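Novice: Sequence and predicted model, in that order:
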Amino acid sequence: MGLKILSIVWGVKDLDRAITFWCKALNYELKRDPDVDFAILVPKDGIGMQLSLKLTSSDEPKRHHIDLITENQEEEVKRLLNIGASPVEDWNYEPNADYVVLLDPEGNSFCVVQAS
């Protein structure tokens, strides 16, 4: 039996804000009503992996990361910025980088990668 990723678990401080942002960002919806400290988001079209959001009070460095891939990076970056993401102004990109680093509303970094 091989292993497959079931879910990415993302630590957040404001569960409602994270649900709103990630549902809009990924075109996801709640799988079921969230618990007081945990929510599961799934793709509306049923294709793709689920994203779980776990309430945390920790201020420790974030150790999670998501790479998102798209055919139209520029358009998606603009859309994500419009719904609450922030750019990382001081990121040191290598020449010809195919990704853009953004922060979600809680300061968690993620990348938007241009599909080849």
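Specialist: Perfect, I can see it now.
Novice: Show me what the lengthiest helix in the chain is packed up against.
Specialist: In the chain, with assignment by DSSP state H, the single longest helix is helix 15-26. For helix 15-26, the contact count by 3 or more Cβ pairs under 8 Å, 6 or more residues apart in numbering; DSSP states H and E identifies strand 7-12, strand 28-30, strand 38-43, strand 50-55 as packing neighbours. Using the backbone N, CA and C atoms, a C-beta is placed for each residue, glycine as well.
Novice: If we use 6 Å, what do you get?
Specialist: With contacts taken as 3 or more Cβ pairs under 6 Å, 6 or more residues apart in numbering; DSSP states H and E, helix 15-26 sits against strand 50-55.
Novice: quick one: strands adjacent to the helix or strand just after the strand it packs on?
Specialist: Once the chain leaves strand 50-55, the next helix or strand it forms, by DSSP states H and E, is strand 66-70. Sheet pairing here is set by DSSP bridges, and for strand 66-70 it gives strand 109-114 (parallel).
Novice: Show me which positions of the strand it pairs with end up buried.
Specialist: 110-112, 114 (16 or more other Cβ atoms under 10 Å).
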